[in-house]
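**Q** Based on what follows, work out the 3D shape:
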Amino acid sequence: MIEKGVFPGALNMAIDSLMAEWSANMNSVLFRFYGWKRPTVSLGRFQKEDGINVPDWIDVVRRPSGGRALLHHREITYCLAVPKKINFGKLSVLEFHRLVHSLIRDALVEAGLHAELSSKRRGNTALCFDAPSRYEIVINGVKVVGSAQFRTAESIVEHGSIVLKQDIDLLKTIFGEDVPPLKGILDLYDVDVKALEERILAQFEKVFGTSRKIQLDSSMLKEARERSPLYEVRRR
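**A** Have a look, this model is predicted:
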């Protein structure tokens, strides 16, 4: 497990992209929780910016993964990188997605939340959380966890957001007035966030093995900083 850090949005995306290489080079599963230096909107790799109005005080980045836009603000953010040489690296996109979300769902249920996997299809706006896709996590029909995946020749990486609180006014400013009445976990339950992170990690350890903490050393951070401009979105 890579120790938790708080970074600017583009640097977070660069670290996630490099986790694919680090995981393959180490032949090890890598996992991290992380935070955002400022509220950040991330766009899917191929997503157009049409219909999105981001205030100047919010960062905008482009993910190495696909999918639709996310506001990263009050959430638990995670990233998992798995080398393709191990058994789990042979799973299809949907199978791997289901595995990751099943583990997070189990941690939420263990914490007393009525979470389940969705069987629905995605929504039709630029906002990722307007509706759940297949195998994403919902509570009372409301999507609270969403993730996206990318693959290299040697690794699979899935990163995502476990929303703690939704800021509907800010979401409407960014995505328009049609934003549905979304909720985060802390809007629905009184949950110890640190304990929830520990439960999630424990679920991943059941499948991928006991973790050991590693730090992002100076060479890893230097590599990530050099790559981070690739994920910055210039303002018009």
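**Q** So which residue is dead centre in this structure?
**A** By CA atoms, centre = their mean, the mean C-alpha position of the chain lies nearest to G160, the distance being 1.4 Å.
**Q** how distant is the strand or helix carrying it from the center of its chain?
**A** Per DSSP states H and E: G160 is located in strand 155-163. Offset of strand 155-163 from its chain centre (CA atoms, centre = their mean, to the nearest Å): 4 Å.
**Q** do stretch 192-203 as well
**A** When distances are taken as CA atoms, centre = their mean, stretch 192-203 is centred 15 Å away from the chain's centroid.
**Q** What lies in contact with it?
**A** Contacts to stretch 192-203, defined as CB atoms under 8 Å, 6 or more residues apart in numbering, come from residues 1, 31, 33, 76, 78, 103-104, 106-108, 110-111, 162, 164, 185-186, 211. Bear in mind the C-beta positions are built from the backbone N, C-alpha and C, glycine included.
**Q** what's the burial count for A115?
**A** A115 has 22 neighbours, counted by other CB atoms under 10 Å.
**Q** hmm, back to that, let me know the next secondary structure element after the strand holding G160.
**A** Next along the chain after strand 155-163, with elements defined by DSSP H and E, is helix 168-175.
**Q** for that following helix, which positions count as buried?
**A** Neighbour-count burial for helix 168-175, with 16 or more other CB atoms under 10 Å as criterion, is recorded at L171, I174, F175.
**Q** Equivalent analysis for stretch 142-150, please.
**A** V142, K143, V144, V145, G146, S147, A148, Q149, F150.
**Q** about what we covered before: any idea how far the residue nearest to the centre of the chain lies from W22?
**A** When CB to CB, to the nearest Å is applied, the distance between G160 and W22 equals 19 Å.
**Q** cool, L70 as well?
**A** 23 Å.
**Q** Which one's more surrounded, those two?
**A** More crowded of L70 and W22, by other CB under 10 Å: L70, with 23 against 19.
**Q** Just want the phi and psi numbers for that one.
**A** Torsion angles at L70 (phi, psi; degrees, to the nearest 10) stand at phi -130, psi 140.
**Q** wait, it sits on V41?
**A** Yes: taking CB atoms under 8 Å as the definition, L70 is a contact partner of V41 at 7.0 Å.
**Q** helix/strand/coil for L108?
**A** Using DSSP: H, G, I helix; E, B strand; the rest coil as the criterion, the local structure at L108 reads helix.
**Q** repeat for S28
**A** coil.
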